[in-house]
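> Provided below are the primary sequence and the corresponding predicted coordinates.
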There are 2 protein chains.
Amino acid sequence: MNAEALTPLHLPDADTLIGDMGARARAAAKRLAVAPTVAKAAALHAAARQLRAQTTAILDANARDMVAGKTAGLTAALLDRLRLDEARLGDIADAVDAVAALPDPVGAEIDRATRPNGIKLTRVRVPLGVIGIIYESRPNVTADAAALALMSGNAVILRGGSEAVHSNRAIHAALAAGLKETGLPADAVQLVPTQDRAAVGALLRAQGLIDIIIPRGGKGLVARVQDEARVPVLAHLDGINHLYIDGAADPAKALALAVNAKMRRTGICGATETILIDRAYPAPLAIVDALVAAGCEVRGDTGIAALSPHVDPASASDWDCEYLDAIVSIAMVDGLSCALAHIDAHSSRHTDAIVTEDTAAAERFLAEVDSAIVMHNASTQFADGGEFGLGAEIGIATGRLHARGPVALEGLTTYKWLVRGTGQVRP
Amino acid sequence: MNAEALTPLHLPDADTLIGDMGARARAAAKRLAVAPTVAKAAALHAAARQLRAQTTAILDANARDMVAGKTAGLTAALLDRLRLDEARLGDIADAVDAVAALPDPVGAEIDRATRPNGIKLTRVRVPLGVIGIIYESRPNVTADAAALALMSGNAVILRGGSEAVHSNRAIHAALAAGLKETGLPADAVQLVPTQDRAAVGALLRAQGLIDIIIPRGGKGLVARVQDEARVPVLAHLDGINHLYIDGAADPAKALALAVNAKMRRTGICGATETILIDRAYPAPLAIVDALVAAGCEVRGDTGIAALSPHVDPASASDWDCEYLDAIVSIAMVDGLSCALAHIDAHSSRHTDAIVTEDTAAAERFLAEVDSAIVMHNASTQFADGGEFGLGAEIGIATGRLHARGPVALEGLTTYKWLVRGTGQVRP
């Protein structure tokens, strides 16, 4: 055990540390920005091989984190997020290989035009530059985020949670070994070497050094990052998602979608938290009963509470609550317009869905709901980069700028305008 | 004269004022987001007609600003920016009509896919929401910015400079009359009714009410906005643009481009500020002589200063200076790599250009220069949304997120993901 690694007495102050890491990341980013696709893919495949080759070291490191986590009294859920085994580590390595196989967004043409004066314009994708990732207990983020950043030509500075410090260092060492093997700069993937919280503050203030911060973790982490950051942040704070069951919904679809959207996995940001049922919908009790039967606590407004003794009365705060648990709030609404008004007032603008066989109602819902993802006759649990065919995701954004919804390789790029002339001067 | 209009004693405090304006703008934005193209175009044409119909009132208001400006001792350049006449107002109205004829970005599909489970995905452009514009003396911004915001389905809150307060109110009144005529919400275009600087602070802090702030004006304004804003900002601070004349440049093109890039208009952000000349370029003196003959002050490094008695020695700060004047800094560099290093160290990442007949050198420059606009054999003075065929521009952005380079209608939109299923649940 290397206690010094946890209490790095000889590190510089946080701003100096992050300043130095940022400068090295910027230099690495310049090389990555012009690295060919094959070089980036080769580096990721090498990193995946190193992750597999260093299985023993990584699992040993993870065992130390698990012992410390148990001693510190982490919950069973947190310990499960932290825990690695051979199969999970194999999945992490496979995911790195999978990112290497994705289409490279860098250099892709967004559009092109030839102007009347003969100037040729193209708009091409280029990397964002340096990405900061601040995350909590899941050590897989170390590899996932590094792979996505690297494949999109960016350098990355990772700051993981203290619970996973040994696991993250071991995974980072394997990734760095892979980069070194293939000649890409090791500074392209850096791990903040201290758990000092001042380093997070320095990252959040590192304007000019870090181009974007992506927090991955619970609401407390995301809220702190959004509040303190002077660097742009790509994130979602809440997933208060709605499923609206229209009067013209097919009851079989509505039942299946309600149970799946709420209960498939209750802890993910795409889970439905509130169900709105049109007063004209013929079978609301079946929805309530199916959810109760699936083990869900139902909190309803008076209309819903009147249907079943299994419904608890909802309080006002229930309509703004992300339970992330087997709890749902259900309200009865007077048709589509009322559903739209409720969603406008309470949605966190992540994912909202309508169930209906009425195409006009569906299209109105799709047009008027102002959320990153709007669905018709599909489960909100599909709100995921993998399900959208993006190959992976670095997060889901509910802000309006830059990228919205699932963010993968394209969201980690910007563009520049290339102007090719033959000596044109402007009159 | 209405002195009360200038000293609005009965206005609420800045945060209350901006909070109320923001809430009304948000409500208007919801209606604009689903307004058909023809309705937005009709409103802009009506606004243009009102601008022409109210020529007398607008020019009277402008005359009051001009009198006040002269009394306050504004420079001739500022007074010229402020001044309206019938021709200039006609141009402003024509520009509003021209925006109405641009393709509507809202609803445009960015991409679409059908997933293996049958789910159909489309990514469609939607308005950003509420845009704040903070600008200085040019009253035409009132109409230009409102037109671009409206056509892209956004509500806008305008805060113009105190020099132009009467002009801006008169132009705003004409725009509001146009909106009213066609039934679009008048709150879609609001002008902050006070010149109290606290209102600017309130705008900059209006997270959740205003989606993006676009400052239009000098460096002092932009710097203050970038420094204080908690709302995202789209802007450029400097245009420290470079023209690199490669050893393989055609001397006739190089001469014409150097003079045009620097001298066509020295006060615009796309003007070249530094010229780098490859030591292998055969005719550097002709470049210097042509610039001097065109009335430009030349500040050179030792290599350039040795060429001509008309060159003043450059100081270190010259390489980081945006003159916006008939002054240029010129350095001699040892080939493309040195030019790239100089640009990387000193460019404000707005627009940089290479002059060369060597295609490989040109392509390396286009790939490696990390600026919003990178040019080959074209004048940096082309850095303009109109010249790029965007129809207009609300500004040029040198940040890396959301939009980069000239920003027009597309840059004032974001997107959402539409998911159309047939009852799919996630396994």
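Alright, I've got the coordinates.
> strands paired with the longest strand anywhere in chain A, and their directions?
In chain A, assigned by DSSP state E, the strand with the most residues is strand A:413-424. Strand partners for strand A:413-424, identified by DSSP bridges, are recorded as strand A:120-127 (antiparallel), strand B:373-378 (parallel).
> I'd like those as JSON lines, with mean pLDDT, mean neighbour count and distance to residue B:97 appended.
C-beta here means a position set from N, CA and C on the backbone, and glycine is covered the same way. Below are the strands paired with strand A:413-424 laid out as JSON lines (pLDDT from 0 to 100; neighbours: other Cβ atoms under 10 Å in any protein chain shown; distance: least, Cβ to Cβ, whole Å):
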{"stretch": "strand A:120-127", "mean pLDDT": "98", "mean neighbour count": "20", "distance to residue B:97": "25"}
{"stretch": "strand B:373-378", "mean pLDDT": "98", "mean neighbour count": "28", "distance to residue B:97": "28"}
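> need those strands in JSON lines with distance to residue B:334, can you?
Formatted as JSON lines, these follow (distance: least, Cβ to Cβ, whole Å):
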{"stretch": "strand A:120-127", "distance to residue B:334": "27"}
{"stretch": "strand B:373-378", "distance to residue B:334": "20"}
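> Tell me which of the ones you listed approaches residue B:400 most closely.
strand A:120-127 (8.8 Å; Cβ to Cβ).
> Mind pulling the model confidence for the residue of chain A most remote from its centre?
Using Cα atoms, centre = their mean, the residue of chain A lying farthest from its centre is residue A:427. It sits 48.2 Å away. For residue A:427, the pLDDT comes out at 95.
> Name the SS class of it, please.
Following DSSP: H, G, I helix; E, B strand; the rest coil, the label given to residue A:427 is coil.
> repeat for residue A:52
Three-state call for residue A:52 (three-state DSSP): helix.
> cool, residue A:181 as well?
helix.
> ok, residue A:209 - contacts?
By Cβ atoms under 8 Å, 6 or more residues apart in numbering or on different chains, the residues touching residue A:209 are A:18-19, A:22-23, A:25-26, A:130.
> Can you lay out those as a markdown table showing pLDDT and distance to residue B:254?
Listed next are those as a markdown table, based on pLDDT from 0 to 100; distance: Cβ to Cβ, whole Å:
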| residue | pLDDT | distance to residue B:254 |
| --- | --- | --- |
| A:18 | 95 | 43 |
| A:19 | 95 | 40 |
| A:22 | 97 | 37 |
| A:23 | 97 | 35 |
| A:25 | 98 | 37 |
| A:26 | 96 | 32 |
| A:130 | 98 | 35 |
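> Weed out the non-buried ones from those residues.
Buried members of the contacts of residue A:209, counted by 16 or more other Cβ atoms under 10 Å in any protein chain shown: A:18, A:22, A:25-26, A:130.
> Might you enumerate the residues of the stretch 201-350 of chain A proximal to chain B?
Proximity of the stretch 201-350 of chain A to chain B, by Cβ under 8 Å from any Cβ of the partner chain, involves residues A:211-212, A:232, A:250, A:252-253, A:256-257, A:259-261, A:264, A:344.
> Give the PyMOL command for selecting the buried subset of those.
To isolate the buried ones among these in PyMOL, judged by 16+ other Cβ under 10 Å, type:
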select buried, chain A and resi 211+212+232+250+253+256+257+259+260+261+264+344
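> Check the residues of the stretch 201-350 of chain A next to chain B against residue A:393 and report the nearest one.
residue A:212 (14.9 Å).
> Can you tell me which of the contacts of residue A:209 end up in strands?
Those of these lying in strands (DSSP E): residue A:130.
> The contacts of residue A:209 also near chain B: which ones?
Within the contacts of residue A:209, nothing lies near chain B by Cβ under 8 Å from any Cβ.
> Dump the contacts of residue A:209 to JSON lines, plus distance to residue A:112.
Shown next, in JSON lines, are the contacts of residue A:209 (distance: Cβ to Cβ, whole Å):
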{"residue": "A:18", "distance to residue A:112": "39"}
{"residue": "A:19", "distance to residue A:112": "39"}
{"residue": "A:22", "distance to residue A:112": "34"}
{"residue": "A:23", "distance to residue A:112": "35"}
{"residue": "A:25", "distance to residue A:112": "32"}
{"residue": "A:26", "distance to residue A:112": "29"}
{"residue": "A:130", "distance to residue A:112": "28"}
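> Output the longest helix along chain A in PDB with nothing but the alpha carbons.
For chain A, the helix reaching the highest residue count under DSSP state H is reported as helix A:14-33. The C-alpha coordinates for helix A:14-33 follow below in PDB (Å, rounded to 0.1, in the frame of the first residue of the first chain):
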ATOM      1  CA  ALA A  14      -4.100  23.400  -7.400                       C
ATOM      2  CA  ASP A  15      -3.900  26.200  -9.900                       C
ATOM      3  CA  THR A  16      -0.300  25.500 -10.700                       C
ATOM      4  CA  LEU A  17      -1.000  21.800 -11.000                       C
ATOM      5  CA  ILE A  18      -4.000  22.300 -13.300                       C
ATOM      6  CA  GLY A  19      -2.200  25.100 -15.200                       C
ATOM      7  CA  ASP A  20       0.700  22.700 -16.000                       C
ATOM      8  CA  MET A  21      -1.600  19.800 -16.900                       C
ATOM      9  CA  GLY A  22      -3.600  22.100 -19.100                       C
ATOM     10  CA  ALA A  23      -0.600  23.400 -21.000                       C
ATOM     11  CA  ARG A  24       0.600  19.800 -21.600                       C
ATOM     12  CA  ALA A  25      -2.900  18.800 -22.700                       C
ATOM     13  CA  ARG A  26      -3.000  21.700 -25.100                       C
ATOM     14  CA  ALA A  27       0.300  20.700 -26.600                       C
ATOM     15  CA  ALA A  28      -1.000  17.100 -26.900                       C
ATOM     16  CA  ALA A  29      -4.300  18.300 -28.400                       C
ATOM     17  CA  LYS A  30      -2.400  20.100 -31.200                       C
ATOM     18  CA  ARG A  31      -0.800  16.800 -32.200                       C
ATOM     19  CA  LEU A  32      -4.100  14.800 -31.800                       C
ATOM     20  CA  ALA A  33      -6.000  17.400 -33.900                       C
END
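> Many thanks, we can stop here.
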